[in-house]
Each structure stands twice: as C-alpha cells, then as structure tokens.
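Asks: Show me the folded form of this:
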Amino acid sequence: MIRKAVFLWIAVAAAMAFACGSSQTTTETTPSAATLSGDAGPKFAYCPPSNFANCTIASCEPEKDGYLCKCFADNRYSATAYDSGCKPQEGDKLQSRYHPVDSYQECTNAKTQTPQWAWCLGQPCELTPNGVFCHCIQPPSGVSAFPYVVVTPRYKASACALGQTGKYWSSASPKNVSQITAFLQAQPGLKGLPAPEIVLTPKQ
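Replies: Predicted coordinates:
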C-alpha cells in the first residue's frame with residue numbers, strides 16, 4: 001500500500017544520480033532555508049547536471065572510520081551538503097550527491113531492525129572498472145539514526161534488516177528527504193517535482 005509523502009520540501013537537494021563522462025564545472029547556491037531544530041541535518045546546495053555518484057540504492061560494508069558503499073555514476077541535476085559544495089569530477093574522483101527518488105519505505109524500530117546506516121551525501125568516491133565506490137560516514141550530528149529510509153518500489157520486510165548480512169544501506173532520515181525535496185522544488189524549473197511515495201508496512 002502506497003501513499004504520497006505529504007511533504008512541502010523546504011529548500012534542499014537535487015539528485016542522487018550519476019553517469020560516467022567528462023568532468024564539468026558545477027556551481028552552488030546559498031541555501032534558501034536555515035537548518036531546522038532537532039533532526040536538522042545539513043543545509044543543501046543545488047548542482048546543475050554534471051557527473052556525480054548516486055548512492056540512493058547503495059549497499060555498504062564497514063571500513064575504517066566509516067563505510068565503503070557501491071554506488072553508480074549519474075549525470076543529472078543533484079544536491080549535496082552545503083558545506084561540501086558541488087565538486088566537479090576530477091579524473092576518477094566523483095562526489096556523492098542526491099537525485100530525487102520515486103519511493104521508499106521507512107525503518108522505524110531500533111529493537112528489531114538494523115541500527116546502522118551510512119551517510120554518503122557530499123562524500124568522496126572513486127570511479128573504477130568494477131563500479132563507483134564511495135567512502136561514507138556515520139550519520140552526522142543532528143541526524144537521528146531512526147527512522148531512516150530504504151529506496152524501494154514496494155515494501156520488503158527484509159530491507160530494514162540488511163545489517164544481519166554484514167552490509168548496510170546508504171540512507172537518510174525521512175525528515176532530511178523531505179527537506180531536500182523541498183529544497184529542490186524551490187529551484188528554477190523544479191516547482192512541479194513530486195515528493196517520493198512512502199511504501200507502508202503491511203498491517204499484521
């Protein structure tokens with residue numbers, strides 16, 4: 001069962017998306033909204049179409065001080081954390097950024113579901129013959145571990161228990177997703193950008 005996320009996205013990010021190609025210069029704009037109290041997360045910067053790493057559906061493995069996540073290359077518009085800015089591709093170096101997703105489910109139970117996930121927004125990545133790999137971190141200060149999202153077209157009970165396999169999702173909190181959506185909707189030409197659908201947990 002699916003319902004529309006009723007978020008009015010306040011000034012935030014654009015695209016977790018990516019495709020290989022020549023490097024292009026990107027620009028950043030000053031965020032149009034201040035960070036919120038509580039589960040605020042970062043401010044965002046808009047990045048015009050250019051090459052970047054998209055980690056919206058990435059699985060990750062622990063590495064020293066963080067996670068190594070397998071993402072994919074994208075070249076659509078995107079958003080990133082304001083403090084990192086929009087970094088153009090340099091050789092095999094890419095930046096992890098966000099491009100809008102269609103739907104996701106929420107993981108909300110810290111007692112029965114994986115209590116870990118990786119924060120990839122703005123993090124450094126390498127383009128290799130085996131794919132794009134990003135060095136991601138623990139959720140930053142101000143971002144709650146629960147709930148978090150898993151990008152999927154339909155609910156999967158196992159999605160929130162990925163940690164039992166020794167891997168983890170690249171993710172974000174539902175509040176951060178709504179914030180970045182609002183941010184993107186405030187950008188020229190993106191006013192009609194729809195919010196992602198939330199895939200609901202089936203009733204027991």
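
Asks: Pairing partners for the helix or strand that contains residue 61, with directions?
Replies: Using DSSP states H and E, residue 61 falls within strand 52-63. Applying DSSP bridges, strand 52-63 is found paired with strand 66-74 (antiparallel), strand 93-97 (parallel), strand 168-169 (antiparallel).

Asks: List of residues touching the first one?
Replies: Right, strand 66-74. 15-21, 51-55, 57-62, 94, 96, 99, 118, 120, 125, 127, 131-138, 168, 170 (CB atoms under 8 Å, 6 or more residues apart in numbering). Just so you know, the C-beta spots here come from the backbone N, C-alpha and C atoms, and that holds for glycine as well.

Asks: Now which of those residues would you call buried?
Replies: Buried by 16 or more other CB atoms under 10 Å: 15-18, 51-55, 57-60, 94, 96, 99, 118, 120, 125, 127, 132-136, 168, 170, out of these.

Asks: which non-adjacent residue is nearest residue 87?
Replies: Leaving aside its chain neighbours, residue 87 sits nearest to residue 95 (4.3 Å; criterion: CB to CB, 6 or more residues apart in numbering).

Asks: Just the buried residues of stretch 83-97, please?
Replies: For stretch 83-97, using 16+ other CB under 10 Å, the buried residues are 84, 86, 87, 88, 89, 94, 95, 96, 97.

Asks: ok, now stretch 67-84?
Replies: Going by neighbour count (16+ other CB under 10 Å), the buried part of stretch 67-84 is 67-82, 84.

Asks: That one: end-to-end distance?
Replies: End-to-end distance for stretch 67-84: 18 Å, by CA to CA, to the nearest Å.

Asks: chain center to it: distance?
Replies: Distance, stretch centre to chain centre, for stretch 67-84: 7 Å (CA atoms, centre = their mean, to the nearest Å).
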